[in-house]
Structures are given as structure tokens and as C-alpha cells.
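J.: all I have is the shape, not the residue letters:
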């Protein structure tokens, strides 16, 4: 994995905890920054867009949780893996 040292990788594998890559950590930081900016808009506007900001903040929070759990992108990876397996079975892809 890119951005993960060996001890961090082994520790994560042994404990079963999700392994956050440098990209994941940067993404979490950026999502938090965006959430802070959105909160600032909410406060500066006096809550004029409260429904919209609440919805977006919930989405941001959900993405951060998924990144921390390591579950973001698993569905997409599963799709690609199953397609690759079908191609291998059909003889269309060599490993």
C-alpha cells in the first residue's frame, strides 16, 4: 500500500483495524476542512441554508466514517474483481 509503512501495515493486519493510507488521511483532512467552511457559511448566513448545509454536513460525516472504516470504494473494487474473475474464467485475461 502506498503511504503506509511496514509496521503500520502489519499492525493493522494483526489487529484487524482498517489501514489508512496517506491519501485516505489527506482526504479526511480535506473533508473536515470543507465541513468547517460549510459551517462558516451556515453561521455567516444566519442559518439561511440550514437544510442544505445539514444535508451536506451529514454526507461529509458519512464519507469520513467510511474512509476510517476502510469501506469506501469496496463496492467498486468488488465489481472490478468479479468482472476480472469472469474474464479469467472466459480466458479473456491472463494474470
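T.: Ah, there it is. Predicted model only: the values in this text are computed from it and were never measured.
J.: can you pull the buried residues of the longest helix along the chain?
T.: Ordering each helix of the chain by length in residues (DSSP state H) puts helix 22-44 first. Buried positions in helix 22-44, judged by neighbour count with 16 or more other Cβ atoms under 10 Å: 24, 27-28, 31, 35, 38, 42. No exception for glycine: its C-beta is placed from N, CA and C like everyone else's.
J.: okay, now the unreliable bits of the protein?
T.: 1-2, 72-95 (pLDDT under 70).
J.: now do the longest helix of the chain: distance to the chain's middle.
T.: 14 Å (Cα atoms, centre = their mean, to the nearest Å).
J.: packing partners of that helix?
T.: helix 50-69 (3 or more Cβ pairs under 8 Å, 6 or more residues apart in numbering; DSSP states H and E).
J.: what lies in contact with the longest helix of the chain?
T.: For helix 22-44, the external contacting residues (Cβ atoms under 8 Å, 6 or more residues apart in numbering) are 2-4, 20, 49-50, 53, 56-57, 60-61, 63-64, 67-68.
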